[in-house]
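Participant: Pasting the sequence and the predicted coordinates here, then a few questions.
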Amino acid sequence: MSASTSALQDVGSVDDFLNVAAIETVPLFEHLEFEFLLEYDVFALSERGRTRVHKPPDLFRGFLHCYYENIYGTRPVTRELQNGLVWYYCGLDKPPSRDTVDRFFTDLEHVIDDVFDRLVEQAAARGLLDSTYSIDSTHIEAIQYNNAASWNYDPTAEEYYYDFGCTIVSTGAKIPIAAEFTQAKQANKGTAMRVTCDALAVDTPVWMLGDSAYDILDWDDHLLAAGVVPIAPYNPRNTDDPKDIEYRVEDRIEEHSEDVQLKQSILGETYNDRTGVERTNDAVKDCGLGRGRARGRIHVRAQVFLTLCLRLVVAITNYERGDNLGSTIITV
């Protein structure tokens, strides 16, 4: 994603560090505040009143820096935050210990999905969302000794793979706005409905696009009732009496014609925009989504949402700097 952090190890002065960091993660924190992390009870003082040497917003910046640099896991993160003046730039008073990094990540696991939601709100406030939402699932390769994952089969590649899954709703320039971590790539009906509801809670689009896996009556009805046009290819295998239609909404539109006006000629043209969610999946994988590098479901889930947070932070940073919103890197 960016230059190797080995460049930071030879930094001899503050000026040298800032010159190196100018092409690294310095811009990531210029336009965003993470003080809202202090609002979470999980980061409150312990019953004994022990103060935290390192503040949650600063440690969060440290994790964002490391994920941007393709550094994952509490041990490598701790090691990176000992290097040069990385810890100083992230706002830390001194390098954190391994125990501190472990404890912060464990606490963050309890609220990381809400942190993601707060960053989505910041993206929405900047007008980075558009009127078309797309939903899709992607797989997250698991390490072999993570017994919380599951084996799945890819008929295209004709091979089995060991993974978790993540269902994402995206919009705009590769902006994820809702997500759910799942046991396997293929999302079930319940997951589809929950992620869709979360996306609509952000804002109400005109269109919601999904592949044939989202040819679900309840999904269609929920969106139509909300004034959103769902476009998913009709799957004739779902019934013994298939209809002569291309999209499920063709059959449902009459029932909701008072709420939704639809020119059927634009269905196919609009559905072509669904590739946007696939590009979002690729962008988030550039931020580290592609592989779960931790043991256990909870740790991997936290890593997944951290990568989603990083994607939002990069997009917002590029917006504020007048750069390409869809890019997964920060340019000088």
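Facilitator: Okay, I see it.
Participant: Isn't R194 up against F181?
Facilitator: No - look at R194 against F181 with C-beta atoms under 8 Å: they stay out of range, at 11.4 Å. C-beta: built from backbone N, CA, C; applies to glycine.
Participant: With neighbour numbers in mind, choose between those two.
Facilitator: F181 (21 against 14; other C-beta atoms under 10 Å).
Participant: Where does pLDDT dip in the stretch 51-200 of the chain?
Facilitator: Counting by pLDDT under 70, the stretch 51-200 of the chain has low-confidence residues at 51-52, 143-150, 154-157, 161-162.
Participant: switch the cut-off to 50
Facilitator: Residues of the stretch 51-200 of the chain meeting the criterion pLDDT under 50: none.
Participant: which stretches of it form helices?
Facilitator: Taking DSSP state H, counting those that start in this stretch as the criterion, the stretch 51-200 of the chain carries its helices at 56-68, 74-80, 86-89, 98-108, 112-125, 189-202.
Participant: Of those helices, which is nearest T171?
Facilitator: helix 189-202 (8.1 Å; C-beta to C-beta).
Participant: List the buried residues for that closest one?
Facilitator: T191, A192, V195, T196, D198, A199, L200, V202 (16 or more other C-beta atoms under 10 Å).
Participant: I'd like the distance between the second one and A124.
Facilitator: Spatial separation of A192 from A124 under the definition C-beta to C-beta, to the nearest Å is 22 Å.
Participant: With the first one instead?
Facilitator: Distance, T191 to A124, using C-beta to C-beta: 23 Å.
Participant: The fourth one now?
Facilitator: Here the distance between T196 and A124 works out to 17 Å (C-beta to C-beta).
Participant: and if you look at the third one?
Facilitator: In this structure, V195 and A124 are separated by 17 Å, where distance is defined by C-beta to C-beta.
Participant: Wait, M193 touches D218, no?
Facilitator: Yes - in this structure M193 lies within contact range of D218 using C-beta under 8 Å: 6.5 Å.
Participant: Report the buried residues of the lengthiest helix in the chain.
Facilitator: Longest helix of the chain, by residue count under DSSP state H: helix 297-320. For helix 297-320, burial by neighbour count (16+ other C-beta under 10 Å) applies to 297, 299-319.
Participant: I'm done for today, thanks for sticking with me.
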